[in-house]
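Enquirer: fold the following.
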Amino acid sequence: MRGLFLWLALGALTLLYAAVGSVTLVVGEAHVVRGEQTLNAVSGMTLLEKDSVNTQANGQVQMRFSDDTIISLGKNSSFSIDAYLNDAVAPQAKFGIAQGTFGVMTGKIGKIAPQNFNIQTKTATIGIRGTHFRGRTSEAGDVILCLSGMIQVVTLLGGASVDVPAGTLTYVIPGLPPSPPRPVGPADMEE
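Expert: Model prediction:
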């Protein structure tokens with residue numbers, strides 16, 4: 001009986017903390033925070049739901065999730081895997097970016113259930129529609145660029161929203177609605 005209980009508990013923990021993706025590239029210094037542990041990020045490292053990934057001043061990280069979503073982080077970035085379920089019935093991907101720069105190429109979840117895929121920054125939630133987008137978040141607000149497809153940016157306070165088509169960007173300043181989309185210029189891509 002005791003052995004059965006231990007086996008069931010181990011199985012429940014495995015399901016609760018199943019791998020959702022992996023680190024595919026690390027340049028410089030980056031860490032994965034898992035519960036109370038801070039681990040050095042290395043290529044091939046497994047990622048779990050509720051992990052956070054933080055890059056340092058010289059760090060960059062690329063991650064691939066089980067639905068083939070690819071997320072890249074620039075220097076001084078803080079990213080979290082808030083909820084992730086790659087399943088045929090109710091797939092879901094919810095990520096957070098507290099600071100820094102990021103790039104996203106959505107995978108299968110973004111194609112089959114775009115309403116269940118979003119990234120939350122300090123000022124807005126980014127909803128996708130089979131897209132590739134980038135952004136930068138800071139104390140002054142967010143800059144969010146759509147490179148392909150279309151995204152919807154909704155402010156956290158007030159719920160104002162704007163659709164951002166491919167080739168345009170929006171600014172989200174705390175307490176204000178997102179700016180109307182404007183074309184992305186070469187300087188925007190360098191940032």
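Enquirer: next up, phi/psi of Leu157, please.
Expert: phi -100, psi 120 (degrees, to the nearest 10).
Enquirer: quick one: contacts for it?
Expert: 123, 174-175 (C-beta atoms under 8 Å, 6 or more residues apart in numbering). In short, each C-beta sits where N, CA and C put it, glycine included.
Enquirer: repeat that for 7 Å
Expert: Gly175 (C-beta atoms under 7 Å, 6 or more residues apart in numbering).
Enquirer: what distance do you get for it to Lys122?
Expert: Using C-beta to C-beta, to the nearest Å, Leu157 is found at 11 Å from Lys122.
Enquirer: leaving aside the residues adjacent along the chain, what's closest to Val23?
Expert: The shortest distance from Val23 to any non-neighbouring residue, by C-beta to C-beta, 6 or more residues apart in numbering, is to Met45 (4.3 Å).
Enquirer: isn't the one you found right up against Leu25?
Expert: No - Met45 is beyond contact range of Leu25, at 10.8 Å (criterion: C-beta atoms under 7 Å).
Enquirer: looking at those two, which one has more neighbours?
Expert: Set Met45 next to Leu25 and count neighbours by other C-beta atoms under 10 Å: Met45 wins out with 19 against 14.
Enquirer: so who does that one touch?
Expert: 22-23, 32.
Enquirer: what does the model give it for pLDDT?
Expert: pLDDT for Met45: 98.
Enquirer: residues contacting the spatially most central residue of the chain?
Expert: When C-alpha atoms, centre = their mean is applied to the chain, the residue found nearest the centroid is Phe95 (4.1 Å). Neighbour list for Phe95: 79-82, 119 [criterion: C-beta under 7 Å, 6+ apart].
Enquirer: try it again at 6 Å.
Expert: By C-beta atoms under 6 Å, 6 or more residues apart in numbering, the contact set of Phe95 is Ile119.
Enquirer: quick one, phi psi at the residue nearest to Val23?
Expert: Phi and psi for Met45, reported as degrees, to the nearest 10, are phi -70, psi 140.
Enquirer: how far away is it from Pro114?
Expert: Distance from Met45 to Pro114, by C-beta to C-beta: 28 Å.
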